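In: Fold the following, please.
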Amino acid sequence: MKSNPLVSVIVPVYNVEKYLRQCLDSILGQTYKNLEVIIVDDGSTDSSANIIKEYKKKDDRIVVISQKNQGLSAARNVGIKKANGDYIMFVDSDDWIAPDIVEYLRPGRADVSICSHYESSEGKNVSFNKSFKRKSMNPKMALTAMLKEHGFMVSAWGKLYKKDLFKDVFFPVGKLHEDLGTTYKLILASKKVAFLPEPKYYYRQREDSIIHEFDDKKFDIIELTDEMCDKIVTVFPELKNVTNERRMRARFSLLRQIPNDHPRKKELIRFLRKNKKFITKNPEASSADKVALLLARTSTPLFRLAYKLFK
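Out: Residues are numbered from 1 along each chain as shown. Okay, here's the model as predicted:
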């Protein structure tokens, strides 16, 4: 292993002029200097392209790719193909990172190194980590932690990946919740995964973000979650209870967003009723899961109210 391996930081950009400077400043200001910063302008129509040009002139570590708008997955995939680094990191262009995140994750530590993150909203940063400790994990342990969100989530960001893991792995183009279709594959392909508990990634929760809107593409979460769980259980049958809990939580997530008159709402309720044992007979299910199942099956308004009160 090289003593100072090159890290490719991939930044997909689409109409984020308000946040882009903070994002790029946080990357270029890293204490770890051997970086290649690949900025993929995914057809921005605001001033993002001009900001990218400005930063390109200031730092020769920046590589710029411009393309017609194809979505986040396609932008990341282009960045992966272009990357020359031994390791890859993703930073969304409306987020930012701590100045020592790369050094903290330490290239060469593991095939995948993961830190916790802050959820940032209205100037407040709340740590996602609920006191989970530093841990070296095999793929089974890492997948269990990811599915249960013990310290980290399925998100592609907040992680440092060995480039070789992407040999046969890309993000699903045209899908929402694209990380569900990718991160578990990278963990399955790894030998060693390291979790480090300090929050070093700042995830911005935006009111104007697509996650706060609803359209039928939201149902991608069901397709990709089930696909992920099916594959994990094929490799690790003993994780059936953990994956079944995750299947139900994907439906909970969709149910709290879907309009009451949406034609597919009944489909969600039917699944919850048919598969209630995924929670009621599941030793991995929490008391909150059981309450959520009861409310979701009986009263959607109460289910949504409870979610807001106890989130």
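In: contacts, neighbours, all on C-alpha from now
Out: Will do.
In: Could you find the closest non-adjacent residue to Y19?
Out: D94 (5.1 Å; C-alpha to C-alpha, 6 or more residues apart in numbering).
In: Counting neighbours, what do you get for the one you found?
Out: 24 (other C-alpha atoms under 10 Å).
In: who's in contact with V9?
Out: L35, E36, V37, I38, I88, M89, F90, V91 (C-alpha atoms under 8 Å, 6 or more residues apart in numbering).
In: Give me the distance between Y104 and D215.
Out: 38 Å (C-alpha to C-alpha, to the nearest Å).
In: A194 too?
Out: Taking C-alpha to C-alpha, one finds A194 at 36 Å from D215.
In: Output the contacts of V9 in CSV, with secondary structure, distance to V169 and pLDDT appended to each entry.
Out: Below are the contacts of V9 laid out as CSV (DSSP: H, G, I helix; E, B strand; the rest coil; distance: C-alpha to C-alpha, whole Å; pLDDT from 0 to 100):
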residue, secondary structure, distance to V169, pLDDT
L35, strand, 22, 98
E36, strand, 21, 98
V37, strand, 21, 98
I38, strand, 18, 98
I88, strand, 13, 98
M89, strand, 15, 98
F90, strand, 15, 98
V91, coil, 18, 98
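In: For those residues, please prepare TSV with the additional fields distance to D289 and neighbour count.
Out: Formatted as TSV, those follow (distance: C-alpha to C-alpha, whole Å; neighbours: other C-alpha atoms under 10 Å):
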residue	distance to D289	neighbour count
L35	42	21
E36	43	20
V37	41	27
I38	41	24
I88	35	27
M89	33	22
F90	31	22
V91	31	25
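In: Can you tell me which of those residues is nearest D179?
Out: F90 (11.2 Å; C-alpha to C-alpha).
In: Following element in sequence after the helix or strand L143 falls within, please.
Out: With elements taken from DSSP states H and E, the one containing L143 is helix 139-148. With elements assigned by DSSP H and E, the helix or strand that comes after helix 139-148 is strand 159-162.
In: what pLDDT, on average, does the very next helix or strand once past that next one get?
Out: As assigned by DSSP H and E, the chain's next helix or strand after strand 159-162 is helix 183-188. Per-region confidence: helix 183-188 scores 98 on mean pLDDT.
In: So between Y104 and D215, which is more surrounded?
Out: Y104 (18 against 12).
In: Who are the contact partners of the more buried one?
Out: Per C-alpha under 8 Å, 6+ apart, neighbours of Y104: none.
In: phi, psi of it?
Out: phi -70, psi -40 (degrees, to the nearest 10).
In: what's the average pLDDT for stretch 293-302?
Out: On average, stretch 293-302 scores 87.
In: oh, I was asking about stretch 63-75
Out: The model assigns stretch 63-75 a mean pLDDT of 97.
In: shaky segments in the chain?
Out: Confidence mapping of the chain against pLDDT under 70 gives the ranges 1, 207-213, 309-311.
In: The longest strand that the chain contains vs helix 139-148, what angle?
Out: Longest strand of the chain, by residue count under DSSP state E: strand 193-204. Here strand 193-204 runs at an angle of 20 degrees relative to helix 139-148 (axes from the mean of the first three to the mean of the last three C-alpha atoms, to 10 degrees).
In: partner strands of strand 193-204, parallel or antiparallel?
Out: Sheet pairing of strand 193-204 (DSSP bridges) gives strand 96-97 (antiparallel), strand 112-121 (parallel), strand 135-137 (antiparallel).
In: Nearest approach to K290 belongs to which of the ones you listed?
Out: Minimum separation from K290 across these (C-alpha to C-alpha) falls at strand 112-121, 25.9 Å.
In: Mind giving me the packing neighbours of the following helix or strand past the closest one?
Out: Sequence-wise, the next helix or strand beyond strand 112-121 is strand 124-127, with elements assigned using DSSP H and E. Contacts defined by 3 or more C-alpha pairs under 8 Å, 6 or more residues apart in numbering; DSSP states H and E place strand 124-127 against strand 112-121.
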